[in-house]
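Novice: Sequence first, predicted model second:
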Amino acid sequence: MENIILHSTPISDFKLIIGEIIREQLQNFKPEPPTEKPTGLLTRREVAQKLRITLVTLDKYTKAGTLQSYKIGGQIRYKAAEIEKAFEQVKNAKYRRG
């Protein structure tokens with residue numbers, strides 16, 4: 001264990017010492033790589049599996065406006081980021097009391 005020595009150091013010297021320590025720490029700092037966010041489009045089946053609901057329930061959520069769907073070339077797709085966002089909103093609303 002290191003010894004702590006207390007003595008009178010001028011504030012300007014103390015600031016320089018602290019500044020040097022911070023610079024050293026910042027130079028050694030390696031940020032973690034960003035976590036991958038879901039990207040791309042999901043099929044109806046993928047969304048239903050992800051949310052653990054039936055396709056009928058997924059259709060109800062879509063018609064109610066809870067989930068936003070997109071029609072691309074005659075196929076229904078959902079944006080993965082929007083599904084995550086809606087899932088979090090539903091999760092938080094479950095415990096809300098009014």
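Specialist: Received, thanks.
Novice: low pLDDT regions in the protein?
Specialist: 1, 6, 34-39, 87, 89-98 (pLDDT under 70).
Novice: counting contacts, what elements does the longest strand seen in it pack onto?
Specialist: Of all segments of type strand in the chain, defined using DSSP state E, the longest is strand 75-79. Of the remaining helices and strands, those touching strand 75-79 by 3 or more CB pairs under 8 Å, 6 or more residues apart in numbering; DSSP states H and E are strand 41-43, helix 44-51, strand 70-72. Every residue, glycine included, has its C-beta placed from N, CA and C.
Novice: go again using 10 Å as the cut-off
Specialist: strand 41-43, helix 44-51, helix 55-64, strand 70-72, helix 80-94 (3 or more CB pairs under 10 Å, 6 or more residues apart in numbering; DSSP states H and E).
Novice: Quick one: closest of the ones you listed to residue 23.
Specialist: Closest to residue 23 of the helices and strands packed on strand 75-79 is helix 80-94 (CB to CB; 37.7 Å).
Novice: ok so, going back, ok, which of the helices and strands packed on strand 75-79 comes nearest residue 17?
Specialist: The nearest among these, by CB to CB, is helix 80-94 at 44.8 Å.
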